[in-house]
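Trainee: any chance you can model this:
(one chain, ligands or ions: 1)
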Amino acid sequence: MDTRLRENLDRVRAAIAEAAAASGRSTDDICLIGVTKYVDLETTQALLDLACHDLGESRPQLLWNKAEAMQAQSPRWHMIGHLQRNKTKRTIPLLSVLHSGDSLRLLQAANEDWDKPEPLATLIEVNISGDNAKHGFAPDEIEPALRQIAALSNLKIVGLMGMASLEGGRDQAQQDFAALRQLRDRLQANCPDEISLEQLSMGMSHDFDLAIREGATMVRVGSSLFEGLGGGH
Ligand SMILES: *Cc1c(COP(=O)(O)O)cnc(C)c1O
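Mentor: Residues are numbered from 1 along each chain as shown. Just a heads-up that it's a prediction; the model follows:
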């Protein structure tokens, strides 16, 4: 398993480097988040052993279990899925980055449950495609909320997170990523001083190259890393 996992990881890293180079960016400016929601503890552990220190989960329960089991190696945990407010107390203290800041109420709950002196790096999730099934702020809801969000002193808002439309293929995905970047640029111009929207978390296995071209600084990659390993997906 480790050989195949290593090959997959090398391939993803090479594709990130290629996409960065093609758009005149440095690979160092792009963080690969290994999304481990499909795989068990052993495979998650193996990925960390291959120096993928940033790990993403979309379900709180899985994150709790893995974070507890892997506490000694202290990976950087990224919460990338919707978090119900009754799960923030147990989830928030485990995180390095909250990507799915998808409502003001959730951000307020996260602010209350963060227990460390340095604020929690947090992204505002945007429902860029307007898909009803997706979580996140509508693009025009963010600016009116920025002052309230900036007042949450236990959170450090660092950027925006979004997902491409399910339909429309790669052309639509690229448009969605461009729209998220443009929204970021517009908001940044009117942001309170406490907020700096440098990070763009966008791009998954099938479209991270496009996301990087449009300015992604964090890509969330799952299935490409685990191809050919058998098991859960
Ligand atoms: C599952 C998931 C990913 C990874 O998707 P892949 O297509 O498997 O790379 C990225 N972001 C979010 C929010 C996810 O839920």
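Trainee: please, where are all the helices along the protein?
Mentor: Assigned by DSSP state H, the helices in the chain fall at 2-22, 41-49, 60-69, 88-91, 104-113, 142-150, 169-189, 208-213, 223-226.
Trainee: out of those helices, flag the one nearest His135.
Mentor: Among the helices of the chain, the nearest to His135 by CB to CB is helix 104-113 (9.0 Å). All C-beta spots, glycine's among them, are computed from the backbone N, C-alpha and C.
Trainee: show me which positions of that closest one end up buried.
Mentor: Leu104, Leu106, Leu107, Gln108, Ala109, Ala110, Asn111, Asp113 (16 or more other CB atoms under 10 Å).
Trainee: and the angle for that helix with helix 142-150?
Mentor: Helix 104-113 runs at 20 degrees relative to helix 142-150, counting by axes from the mean of the first three to the mean of the last three CA atoms, to 10 degrees.
Trainee: with just CA atoms, put helix 104-113 into PDB.
Mentor: Extracted C-alpha coordinates of helix 104-113, given in PDB (Å, rounded to 0.1, in the frame of the first residue of the first chain):
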ATOM      1  CA  LEU A 104     -22.400  33.800  11.200                       C
ATOM      2  CA  ARG A 105     -23.900  31.600  13.900                       C
ATOM      3  CA  LEU A 106     -21.400  28.800  13.200                       C
ATOM      4  CA  LEU A 107     -18.500  31.400  13.300                       C
ATOM      5  CA  GLN A 108     -19.900  32.700  16.600                       C
ATOM      6  CA  ALA A 109     -20.000  29.200  18.100                       C
ATOM      7  CA  ALA A 110     -16.400  28.500  16.900                       C
ATOM      8  CA  ASN A 111     -15.300  31.800  18.400                       C
ATOM      9  CA  GLU A 112     -16.700  30.600  21.800                       C
ATOM     10  CA  ASP A 113     -15.200  27.200  21.600                       C
END
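Trainee: what's the average pLDDT for that helix?
Mentor: Mean pLDDT, computed over helix 104-113, is 98.
Trainee: which neighbouring elements make contact with it?
Mentor: Under the contact criterion of 3 or more CB pairs under 8 Å, 6 or more residues apart in numbering; DSSP states H and E, helix 104-113 touches helix 88-91, strand 97-101, strand 120-126, helix 142-150, strand 155-162.
Trainee: how far is it from where the chain is centred?
Mentor: How far helix 104-113 lies from its chain's middle: 18 Å, per CA atoms, centre = their mean, to the nearest Å.
Trainee: now do that helix and strand 120-126, the angle between them.
Mentor: Using the same axes, to 10 degrees: helix 104-113 against strand 120-126 is 170 degrees.
Trainee: just use 24 as the starting number from now, easier for me
Mentor: Fine by me, first position is 24 from now on; the one you just mentioned is helix 127-136.
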